[in-house]
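Sequence and predicted model, in that order:
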Amino acid sequence: MTDAARNGLGKAGIWTFAFDAQPAGRVREAAAEIEELGYGAIWFGEAFGRETAGQAWLLLSATRRITVASGIANIAFRDPIAAATASRTLGEAFPGRYLLGLGGHRVDDTVHKLDGYPMPARGRAVATMTAYLDAMDAVPAHSPVPDPAPHRVLAALGPKMLQLAAERTWGAHPYFVPVEHTRRARELMGPDAFLGVEQAVVLDTDPARARELATAHVAAYVSMAAHQEANVRRLGFGDEDIVGGPSRRLVDAIVAHGDADAIRRRVREHLDAGADHVCIQVFTADPTALPDREWRELAPALLR
């Protein structure tokens, strides 16, 4: 990965699920403001709201310079042909501004009951992703642009997926990770692969209120997502941190909370540990609302 490509995303970006609860016009306004604030990238998740390519188009068409990144496009939601052709379309229409994050897991049977898509066998995530990448690469291109495909990154936590990300894509987009994971990921992936880390934050100087929001976020992931629990256990957290609700130690490792300087320090720790880019996911008392006030307040601290 070139220095120019790294610099194109900047050191700090925004990560959010909240666009799905907003009308398209409001999403466009928010994207334009995020760009004006100076953030380097807008990352968005994909669950049961807008389809990832459509959401990316909405954000890209509302902005002029900022990178828009899927974080991630779930491979269980579309076959490789659809993923390859949709991403090439976005890459051609918005050259150099779309970053395709790929991942996919079934934390429970919710999606499986909706679409009947078979869940990958446990322990087969790397093989499944490898096959998906192979299939995407095999899709013929019929484009007036020589190479319209955007860069790709993988949602990667464990050593094998991080290694695959470094070998087959631009790099990795770890989610729900402490600084120690960033340090280990950089050591494993080497100096050249991109490492763009999601960091959950609560901008609130009331410690009890901030930790309540942070605890709810951590509890939801370690209880619903087996791969997230496995990852924090790999990092040295045990039953005392997980069973019966997350410990303060685990919550504080995953979620940065406090004032803007406290959040800036956490972002700096990830960068010092080897991250190229850190995208903050802001939590507030209303998960359906855009945290635009917090984005504005954090911009001067994060974008110095």
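Arrived safely, thanks for sending.

residues touching the closest residue in space to residue 51 that isn't next to it in sequence, list them.
Computed as CB to CB, 6 or more residues apart in numbering, the closest residue to residue 51 that is not its neighbour in sequence is residue 77, at 7.6 Å. Quick note: C-beta positions are derived from backbone N, CA and C, even for glycine. Contacts for residue 77 (CB atoms under 8 Å, 6 or more residues apart in numbering) come out as 46, 51, 52, 104, 111.

tell me which strands and helices the helix or strand containing residue 221 is in contact with?
Taking DSSP states H and E as the criterion, residue 221 maps to helix 207-224. Helices and strands touching helix 207-224, by 3 or more CB pairs under 8 Å, 6 or more residues apart in numbering; DSSP states H and E, are strand 194-203, helix 226-234, helix 248-254, strand 255-258.

Packed most tightly, which of the ones you listed would that be?
strand 194-203 (a mean of 25; mean count of other CB atoms under 10 Å).

Please identify the pairing partners of it and their relative orientation?
strand 171-172 (parallel), strand 255-258 (parallel), strand 277-282 (parallel) (DSSP bridges).

hang on, the earlier thing: so for the residue nearest to residue 51, what's the pLDDT?
For residue 77, the model assigns a pLDDT of 90.

likewise residue 113?
Note for residue 113: predicted pLDDT of 53.

hmm, back to that, out of the contacts of residue 77, which comes closest to residue 208?
residue 46 (33.1 Å; CB to CB).

Can you pull the phi/psi pair for that closest one?
Note on residue 46: its backbone torsions stand at phi -130, psi 120 [degrees, to the nearest 10].

Neighbours of it, how many?
Neighbour count of residue 46, defined by other CB atoms under 10 Å: 23.

ok, it to residue 303 distance?
Distance of residue 46 to residue 303, computed by CB to CB, to the nearest Å: 26 Å.

Likewise for residue 61?
For residue 61, the distance to residue 303 - CB to CB - is 24 Å.

What of residue 262?
16 Å.

Was I right to think residue 135 contacts residue 80?
Yes: shown here, residue 135 and residue 80 form a contact pair, counting by CB atoms under 8 Å, at 3.6 Å.

out of those two, which sits in the busier spot?
residue 80 (18 against 15).

I figured that one was touching residue 129, is that so?
No: Residue 80 sits out of contact with residue 129 when judged by CB under 8 Å, with a separation of 10.9 Å.
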